[in-house]
Every structure is written in structure tokens, then in C-alpha cells.
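**Student:** generate coordinates for the sequence data below:
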Amino acid sequence: MADQWTRNGPIRVALKRLNNSLNISEDYLNQLYKYHQCENGADFFGITKDHTSNYMFVMKYDSKILYSYLDETQGKIYWKDIVVMLWGISGSIEYIHDNGSIHGNIHGGNIFVGDEQDPYNNNSRISEFIDSSIDKKGTYGVLPYIAPEILQGNPLTETADIYSFGIIMWTLSAGIRPWCNRPHDFKLASEICNGIRPDIIDGTPYDYVKLMTQCWHSDISKRPTASEIYDLLGIWITACDEPDQSELSDQFDLAEKKTFSNLEIYGFHLKRIHNEAFYTSRLLSFPELHKNDERL
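**Tutor:** Numbers count the residues shown, from 1 in each chain. So this is what the prediction gives:
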């Protein structure tokens, strides 16, 4: 029996254009199929074309990307809400990895926050499969979220997604964009490769800092898997929900008191974004950072 469809619209959708998508490859189609199977990813309704015949994703609409959400809340985010959001994001990454794929471009601009802090990934990594020459030209993404080994010319792995997740953790703990007050240029890329990371926000729970720093560790073997992160965050959520106090719940309670106390005393000040700080994906090429050709 043929599939039966029921219309329940109209609904609002988001359209994401895939530039240079006139000639799609079999690899791209396979990636698109896998993405469609990722139940924890952004709701994906199908594909269409714009007036130039480039493809566009038709996805669930939500008005707030992570950055907009942070700007609106002005630092007033409960730690449990942060953990719940990260749990949802890690679940999406876990599902992508379990399906044999790599996201490769996780950043605050492609994570959307729903009505009840329900984040889901808008998988812009798929667009990289359109133009196979991208890999030969450089790296595509948002510099603060790109793992050092990728900047050094190594191929994408699941551990690069985990690094990006670590920067997302920092972004949520700080309430601002990473390295917003400086140019996103070769100097920053070089410093990332040499181990610089965003400054830990005072009062961040110890266990949170421990996981975050493991995620962005320079040694990729020290980074946890998406499954390990997802399971650990689930434990944190349970601890925060338990009526009985624990060492873990005490960490988050104390951090919350400090956050709101500081907001009351000092207020929240949005940092000016440097005019050479970019938070949309772009092609980056730093051949000077490649350690040697044998690794590429």
C-alpha cells in the first residue's frame, strides 16, 4: 500500500541555501540521507531549489539561534538549563557519529534554541559536500570553534566535533561569543594551535570545567566521545533534579548564586564585537600552520 500523507499546515519553515550546489555528488546524497535519519537533529522536511537552481534545505523554523538567545537572556541562564541544552546538543552529535558521519562545522550560529531550551543542530556541515575543492583550498567554518589539528591541515574526525562542543560549553557559561573582542585571523589561529583557549569564567562548576577542558584538549585522544558526554550530562541533570543535595548539585547551586549575585552587583554588559570577528562559516586557509605534508 502506498504511503498516505496528511496535511496539517501551514507551518513556518527555515530555508538554508547550499551555495555551489548545482552539481551534487553521490557522497553528498548519501550524507543527506544520513542526516535525514538523524532524529535528534534539526527537523528536516526536504530540499528545494532557489531561482539560481542551487539547492536549499527546508527545515523547522525557530527564530532564535544560540547567540540571539544569549543576547536576550543577558547572562540570566540557570545552570540546569545550560546542562539540558548541552545534553540535547550532545545527543545530536552522538546520533550523527553513530550513523558514521561527522558534523564538522558546529558553532553557535547553527544551533537553534526552542521554546523550552530545546536545542537542535542546523547541520551546515552537509553543504561542504557540495564543492569537493573546498578541502583543497582550506578549512570551512567559524575560527573559534575549529579544532587546532584541523587548522594544521589534518582531516576531519569525530574528535573535531568534540572540540567544537567544548567551545559551545564555554559560550553558554560565558553568555557571549568566544573571542569577540579580537580579529579572527592568522594570529588567533596560530595561538589556538599553540594551546590558547577562552578564559574560564569565574564561578564555573568544577565538574563543568573538567569536561569542557577535556573536550578542547590539544591531544585528541584525551577528548571524550559524544556518547560519554551525553551519558555524563544525563547524570548531571538527574543530580540537579534530586531533592537530596549532593556534591555535584552543590557545585551548580553555588555557581548559580555567584552568577546572579554578580549580575546584581555589576550588571550584564554585552561586549562589542570586533569588526574582524566573524561568526558565520567562511573559507579559512592557513598553510603556514600545517606541520608537515606527510600528516595531510
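
**Student:** just the CA atoms of stretch 177-190, as CSV, please.
**Tutor:** Extracted in CSV, the C-alpha atoms of stretch 177-190 (Å, rounded to 0.1, in the frame of the first residue of the first chain):
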residue,chain,number,x,y,z
ARG,A,177,30.6,34.8,21.7
PRO,A,178,34.1,33.3,22.0
TRP,A,179,36.9,35.8,21.2
CYS,A,180,34.5,38.5,20.2
ASN,A,181,36.9,41.4,21.0
ARG,A,182,39.7,40.4,18.6
PRO,A,183,40.2,39.7,14.9
HIS,A,184,39.6,36.1,13.7
ASP,A,185,42.9,36.0,11.8
PHE,A,186,46.1,34.0,11.4
LYS,A,187,47.4,35.2,14.8
LEU,A,188,44.3,33.8,16.6
ALA,A,189,44.5,30.5,14.6
SER,A,190,48.2,30.2,15.5
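
**Student:** what lies in contact with that stretch?
**Tutor:** With contact meaning CB atoms under 8 Å, 6 or more residues apart in numbering, stretch 177-190 is reached by 67, 108, 142-146, 151, 167, 170-171, 198, 271-274, 276-279, 284, 286, 288-289. To be clear about C-beta, it is placed using only N, CA and C from the backbone, and glycine gets the same treatment.

**Student:** show me which residues of it are buried.
**Tutor:** 177-180, 184, 188-189 (16 or more other CB atoms under 10 Å).

**Student:** now, these that are in helices?
**Tutor:** Cross-referencing those against helices under DSSP state H gives 188-189.

**Student:** quick one: the strands in the stretch 1-150 of the chain?
**Tutor:** 13-17, 44-49, 55-60, 111-113, 119-121, 139-141 (DSSP state E, counting those that start in this stretch).

**Student:** can you put those strands in CSV and add distance to Y230 and mean neighbour count?
**Tutor:** Below are the strands of the stretch 1-150 of the chain laid out as CSV (distance: least, CB to CB, whole Å; neighbours: other CB atoms under 10 Å):
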stretch, distance to Y230, mean neighbour count
strand 13-17, 25, 15
strand 44-49, 21, 14
strand 55-60, 21, 18
strand 111-113, 16, 23
strand 119-121, 13, 24
strand 139-141, 23, 24
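
**Student:** out of those strands, which is closest to I229?
**Tutor:** Taking CB to CB, strand 119-121 is the member of these nearest to I229, at 14.0 Å.

**Student:** any chance you could map the helices in the chain?
**Tutor:** With DSSP H as the criterion, the chain has helices at 26-37, 66-73, 79-98, 134-137, 148-151, 158-174, 186-193, 206-215, 226-241, 247-266.

**Student:** point out where this protein drops to low pLDDT.
**Tutor:** 1-9, 18-44, 60-63, 114-138, 263-270, 291-296 (pLDDT under 70).

**Student:** and with 80 instead?
**Tutor:** The model of the chain has pLDDT under 80 over residues 1-47, 53-65, 74-76, 112-138, 242-244, 259-271, 291-296.

**Student:** now K80: how far from N194?
**Tutor:** K80 sits 35 Å away from N194, going by CB to CB, to the nearest Å.

**Student:** those two - which one has more neighbours?
**Tutor:** Using other CB atoms under 10 Å, the more surrounded residue of K80 and N194 is K80, with 18 against 10.

**Student:** apart from its neighbours in sequence, what residue is nearest that one?
**Tutor:** Spatially, and ignoring its direct neighbours in sequence, K80 is nearest to C240 (4.6 Å; CB to CB, 6 or more residues apart in numbering).

**Student:** list the contacts of that neighbour.
**Tutor:** Contacts of C240 (CB under 8 Å, 6+ apart): 79-80, 83, 248-249, 252.

**Student:** where's it relative to K271, distance?
**Tutor:** 29 Å.

**Student:** for W79, same thing?
**Tutor:** For W79, the distance to K271 - CB to CB - is 21 Å.

**Student:** more neighbours: the two, which one.
**Tutor:** W79 (22 against 12).

**Student:** need the contact list for S227.
**Tutor:** 94, 97-98.

**Student:** closest to D202 among these?
**Tutor:** Relative to D202, and with distances defined as CB to CB, the nearest of these is E94, at 30.7 Å.

**Student:** can you tell me the closest non-neighbouring residue to R272?
**Tutor:** N181 is the one closest to R272 (CB to CB, 6+ apart), at 6.9 Å.

**Student:** ok, the closest residue to T48 other than its chain neighbours - contacts?
**Tutor:** Among residues not flanking T48 along the chain, M56 sits closest, at 5.3 Å (CB to CB, 6+ apart). By CB under 8 Å, 6+ apart, M56 lies in contact with 15-18, 47-50.
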